[in-house]
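Enquirer: compute the structure for the input listed below.
(chains A and B)
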Amino acid sequence: DLMGVRFSGSHAQTQEHKTNPLVTISEEPETLYKRLSLLVKGHDKAVLDSYEYFAVLAAKELGISVEKIHRPPKKIERFTLLKSVHIYKKHRVQYEMRTHYTCLELKYLTGSTAAVYLEYVERNLPEGVAMEVKKTKIEKIPEHIQEPVWDTLPQVEETEVKS
Amino acid sequence: RAARVRVGKGDKPVTYEKAHPPHYIAHRKGWLSLHTGNLDGELGAAERTVEDVFLRKFFHGTFPGCLADEVVLKRRANALVGCLLLLPHLAPAKLCFLVGYAETLLSHLYKCPVRLEVQTVPAKVVYKWL
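Expert: Take a look at the predicted model:
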């Protein structure tokens, strides 16, 4: 990154750091996401390809590592209808709807990074394209599971189970 | 035999949109109305189609004889964007008024922000003579 370094000898920049009204600092710990999976579906493959390029570029700018980009196979929904209004069963029309998919998987995000990235990417979704997001959270193991149960319970006499 | 212009004597001007039959849709043609209703696992296709039909009739009526080609409708997260190609049969002031009128009326009808992107073309762009 090219940072604009100023070699001015004057100390005009020693003002107090103004708090940016858009940035909020909260005390709660960040939620961590192991994987953020974006599944994009659309009718037009060219639109999906350009959107994937845009999303990957945005992720690189924000410093998010992209795990993999894979394209699940397209799904075609076909149906056959009668061509005529009244009779002529032998003459039919076939329609089909093709849905192409692209899946972007991003690794290791913090809650705020995920929020910013998703907001930007969702606002710029092209028309005719739908997106599904799946987040995998990392949580601490809750306290009551951390030690195996058989270590903590006191010695109990075995009772016979009557069937 | 759907959406095909029959070959005639060679005096009928036909635009690119009309010249291609529907099996060219993803190959040589684009879509006229873009929404997510027809994707796999998405709902609301019928409502969008009904809205589309109404919108095309509405635009056909508000711009009498001025539409060069079909209206392209896009839906981007609750907002409706309509792209029109108009012929300069009406004065620009009248066109501006009609655009504003259409936008406000449709936003009140459909309860969503409606934007019209209008472009004037000197004449209908003819692709073929059939």
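Enquirer: could you use CA atoms for every contact and neighbour count after this?
Expert: Will do.
Enquirer: helix or strand: which one has residue A:77?
Expert: Using DSSP states H and E, residue A:77 falls within strand A:75-82.
Enquirer: then residue A:121?
Expert: Going by DSSP H and E, residue A:121 is part of helix A:111-123.
Enquirer: residues in contact with that helix: which ones?
Expert: A:30, A:31, A:32, A:33, A:55, A:58, A:59, A:62 (C-alpha atoms under 8 Å, 6 or more residues apart in numbering or on different chains).
Enquirer: buried subset of the residues you listed as a PyMOL selection?
Expert: A single PyMOL command selects the buried members of these (16 or more other C-alpha atoms under 10 Å in any protein chain shown):
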select buried, chain A and resi 32+33+55+59
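Enquirer: quick check, nearest of the contacts of helix A:111-123 to chain B?
Expert: Nearest to chain B, judged by C-alpha to the nearest C-alpha, of the contacts of helix A:111-123 is residue A:55 at 17.4 Å.
Enquirer: enumerate every residue touching the closest one.
Expert: Shown in contact with residue A:55 (C-alpha under 8 Å, 6+ apart): residue A:121.
Enquirer: what are the ranges of the helices in the chain?
Expert: No chain was given, so I picked chain A. Using DSSP state H, the helices of chain A run over residues A:45-62, A:111-123, A:143-146, A:149-152.
Enquirer: not quite, go with chain B.
Expert: Ranges of helices in chain B, per DSSP H, are B:16-19, B:45-62, B:92-110.
Enquirer: out of those, which gets the lowest mean score?
Expert: Mean pLDDT per stretch puts helix B:16-19 lowest among these, at a mean of 88.
Enquirer: picking that back up, any chance of the contacts of helix A:111-123 in TSV, with pLDDT and distance to residue B:74 too?
Expert: Shown next, in TSV, are those (pLDDT from 0 to 100; distance: C-alpha to C-alpha, whole Å):
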residue	pLDDT	distance to residue B:74
A:30	73	38
A:31	77	36
A:32	79	36
A:33	81	34
A:55	89	21
A:58	90	24
A:59	90	26
A:62	88	29
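Enquirer: determine which two of the contacts of helix A:111-123 are furthest apart.
Expert: Comparing every pair within the contacts of helix A:111-123 by C-alpha to C-alpha identifies A:30 and A:55 as the most remote, at 23.4 Å.
Enquirer: ok so, going back, what residues does the strand holding residue A:77 touch?
Expert: If you take C-alpha under 8 Å, 6+ apart as the criterion, strand A:75-82 is touched by A:88-89, A:91-100, B:40.
Enquirer: dump that strand to PDB, keeping only the CA atoms.
Expert: Taking C-alpha atoms only, strand A:75-82 is exported to PDB below (Å, rounded to 0.1, in the frame of the first residue of the first chain):
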ATOM      1  CA  LYS A  75     -29.900 -26.900 -12.000                       C
ATOM      2  CA  ILE A  76     -32.400 -26.900 -14.800                       C
ATOM      3  CA  GLU A  77     -36.100 -27.100 -14.000                       C
ATOM      4  CA  ARG A  78     -38.100 -28.300 -17.000                       C
ATOM      5  CA  PHE A  79     -41.700 -28.700 -17.600                       C
ATOM      6  CA  THR A  80     -43.800 -29.800 -20.500                       C
ATOM      7  CA  LEU A  81     -47.200 -28.200 -21.200                       C
ATOM      8  CA  LEU A  82     -49.800 -28.600 -23.900                       C
END
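Enquirer: follow-up on the earlier one: the helices of chain A: which one's closest to residue B:96?
Expert: With respect to residue B:96, and counting by C-alpha to C-alpha, the nearest of the helices of chain A is helix A:111-123 at 28.5 Å.
Enquirer: for residue 37, which non-adjacent residue is spatially closest?
Expert: Going with chain A. residue A:105 (4.6 Å; C-alpha to C-alpha, 6 or more residues apart in numbering or on different chains).
Enquirer: actually it's chain B I care about, not the one you picked
Expert: residue B:45 (4.0 Å).
Enquirer: ok, the one you found - how many residues close by?
Expert: Number of residues near residue B:45 (other C-alpha atoms under 10 Å in any protein chain shown) recorded here: 13.
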